[in-house]
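Asks: A predicted structure for the sequence below; I have some questions about it.
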Amino acid sequence: MTIDDRRARVSPARAGRLSATTKPPGLDALPRPVAMVVSGGGVLGAAHVGAGHALERCGFRPDLIIGTSVGALTGAIVAAHPGRATPWLTEVWTSLRRRDVFPVGYLPTRASVFADRGLRRLIARAGLPARIDELAVPFTAVATDLDTGAQALLDRGDLPSALLASAAIPGFLPPVTRQGRTLVDGGVVAYVPVRAAWQAGAASVVVLATGAETQPVRPAVPRRRAGTIATRAALLSLRHQIERDLQEVAGRIPTVVLPTGVETWPAPWDFGQSQRLISTAERAAECFIERLRIGGPGLYREDSPARSSIEGDGKPVLSAAGAGR
């Protein structure tokens with residue numbers, strides 16, 4: 001099924017708070033079809049909600065949505081409720097607690113520390129259809145094939161199992177068997193799945209990403225402790241994967257990375273800061289969108305991490321093309 005085939009069944013977009021005539025010219029200039037790509041990030045995924053709200057307010061509607069891990073759940077809710085997903089997402093994130101995802105009191109499986117009962121309940125109350133094909137906007141959840149190491153693009157069939165597979169953090173949540181394949185978290189191979197969007201035929205991409213790993217790595221000499229060194233090495237490895245994929249796709253199509261404005265990220269188990277992440281990311285994304293100007297293929301993002309406003313004449317740097325402001 002092609003993108004055009006799937007776009008034919010997309011419900012008419014509801015009007016945003018701003019009229020079409022006031023939509024920022026930067027987003028208007030993105031060639032179609034445009035994909036919204038939602039990264040992994042676990043508890044940090046609350047920032048996706050703020051950035052998504054900024055997009056809704058300016059009337060932006062993606063033609064397809066690609067999500068990894070927690071980004072797959074967020075993306076599926078957006079695909080189910082185009083133009084009005086923010087209330088659903090805000091309700092999910094502001095009421096979310098650690099036990100909802102990593103419940104205690106259940107025996108772990110041989111393949112994971114936690115059972116996936118909590119995640120199943122979370123998916124069940126998210127207002128989603130049973131099948132991917134029933135979503136209003138074409139959607140793909142990205143998982144990792146544990147046998148081959150290849151990315152698995154789940155764009156049809158059962159929706160809950162696709163979301164469970166995409167979010168199956170190795171060792172923490174159990175793998176999912178789907179059509180004879182053993183699948184785990186898509187972030188293993190595609191934390192920011194822009195390559196999957198380009199391969200699906202997207203002519204431009206808008207990325208919702210989270211965490212320090214999606215921002216330029218600051219030079220640092222880690223304290224000589226085993227845990228600190230291992231954490232730093234994992235960050236560098238993940239950052240290399242993200243930057244490689246962004247640069248590859250940006251060399252072909254316009255690739256916009258929305259900022260979050262978040263300077264201090266919570267710990268992976270801290271579910272109590274969702275509202276702060278939502279509000280901060282919404283303000284940062286709105287400021288960025290207002291100043292965005294598209295000039296062909298390239299990587300459009302802030303040239304400084306965690307900055308909620310843009311200096312100079314307000315135009316973000318087109319870093320892939322080496323252009324200044």
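Replies: Thanks, I have it. Numbering: from 1, shown residues only.
Asks: count the neighbours of the residue lying closest to Val101 once chain neighbours are set aside for me.
Replies: Nearest-residue entry for Val101: Gly118, 5.2 Å, with adjacent residues in sequence omitted and distances by C-beta to C-beta, 6 or more residues apart in numbering. Heads up, the C-betas are built off the backbone N, CA and C, glycines and all. As a burial measure, Gly118 scores 19 neighbours (other C-beta atoms under 10 Å).
Asks: what's the answer for Gln179, then?
Replies: Neighbours of Gln179 (other C-beta under 10 Å): 10.
Asks: where does it fall, phi/psi-wise?
Replies: phi 50, psi 40 (degrees, to the nearest 10).
Asks: and the pLDDT for it?
Replies: The score at Gln179 is 91. That number is its pLDDT.
Asks: quick check: closest non-adjacent residue to it.
Replies: Gly157 (7.7 Å).
Asks: residues in contact with that neighbour?
Replies: 131-133, 178-179 (C-beta atoms under 8 Å, 6 or more residues apart in numbering).
Asks: same question for Leu44.
Replies: So Leu44 contacts 70, 210-211, 265-266, 268, 277 (C-beta under 8 Å, 6+ apart).
Asks: ramachandran angles for it?
Replies: According to degrees, to the nearest 10, Leu44 has phi -70, psi -10.
Asks: just Val257 next, same as before
Replies: Per degrees, to the nearest 10, the backbone of Val257 is at phi -110, psi 110.
Asks: just for the chain, where's the confidence low?
Replies: Judged by pLDDT under 70, the chain has its weakly predicted residues at 1-25, 99-100, 102-109, 212-223, 303-325.
Asks: need the three-state assignment for Ala168.
Replies: Three-state assignment for Ala168 (DSSP: H, G, I helix; E, B strand; the rest coil): coil.
Asks: circling back: of the contacts of Leu44, grab the buried ones for PyMOL.
Replies: Buried residues among these (16 or more other C-beta atoms under 10 Å), as a PyMOL selection:
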select buried, resi 70+210+211+265+266+277
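Asks: just the closest of the contacts of Leu44 to Gly186, please.
Replies: Val70 (10.3 Å; C-beta to C-beta).
Asks: how deep is the residue lying closest to the closest one once chain neighbours are set aside tucked in, by neighbour count?
Replies: The spatially closest residue to Val70, leaving aside those adjacent along the chain, is Gly45, at 3.7 Å (C-beta to C-beta, 6+ apart). Here the number of neighbours of Gly45 (other C-beta under 10 Å) works out to 28.
Asks: any idea how far Gly45 lies from Leu27?
Replies: To Leu27, Gly45 is 22 Å away according to C-beta to C-beta, to the nearest Å.
Asks: same check, this time on Ala35
Replies: Applying C-beta to C-beta to Ala35 and Leu27 gives a distance of 13 Å.
Asks: ok, the two, which is more surrounded?
Replies: Looking at Ala35 and Leu27 with other C-beta under 10 Å, you find the greater number of neighbours at Ala35, namely 30 against 19.
Asks: Val207 is in contact with that one, correct?
Replies: No: using C-beta atoms under 8 Å, Ala35 is not in contact with Val207; the gap is 9.1 Å.
Asks: how about the helices in the stretch 101-250 of the chain?
Replies: 117-124, 159-166, 194-199, 226-250 (DSSP state H, counting those that start in this stretch).
Asks: make JSON lines from those and add distance to Gly272 to it.
Replies: Converted to JSON lines, these look like this (distance: least, C-beta to C-beta, whole Å):
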{"stretch": "helix 117-124", "distance to Gly272": "17"}
{"stretch": "helix 159-166", "distance to Gly272": "24"}
{"stretch": "helix 194-199", "distance to Gly272": "31"}
{"stretch": "helix 226-250", "distance to Gly272": "22"}
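Asks: closest to Asp185 out of the ones you listed?
Replies: helix 159-166 (6.7 Å).
Asks: how far away from the center of its chain is the closest one?
Replies: Computed by C-alpha atoms, centre = their mean, to the nearest Å, the chain-centroid distance of helix 159-166 equals 15 Å.
Asks: for that helix, C-alpha coordinates in PDB please.
Replies: Taking Å, rounded to 0.1, in the frame of the first residue of the first chain, the C-alpha atoms of helix 159-166 are listed here in PDB:
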ATOM      1  CA  LEU A 159      -1.900  -2.200  16.800                       C
ATOM      2  CA  PRO A 160      -1.400  -3.100  20.500                       C
ATOM      3  CA  SER A 161       1.200  -5.800  19.700                       C
ATOM      4  CA  ALA A 162       3.100  -3.300  17.400                       C
ATOM      5  CA  LEU A 163       3.200  -0.700  20.200                       C
ATOM      6  CA  LEU A 164       4.300  -3.400  22.700                       C
ATOM      7  CA  ALA A 165       7.100  -4.500  20.400                       C
ATOM      8  CA  SER A 166       8.300  -1.000  19.700                       C
END
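Asks: sweet, I'm off.
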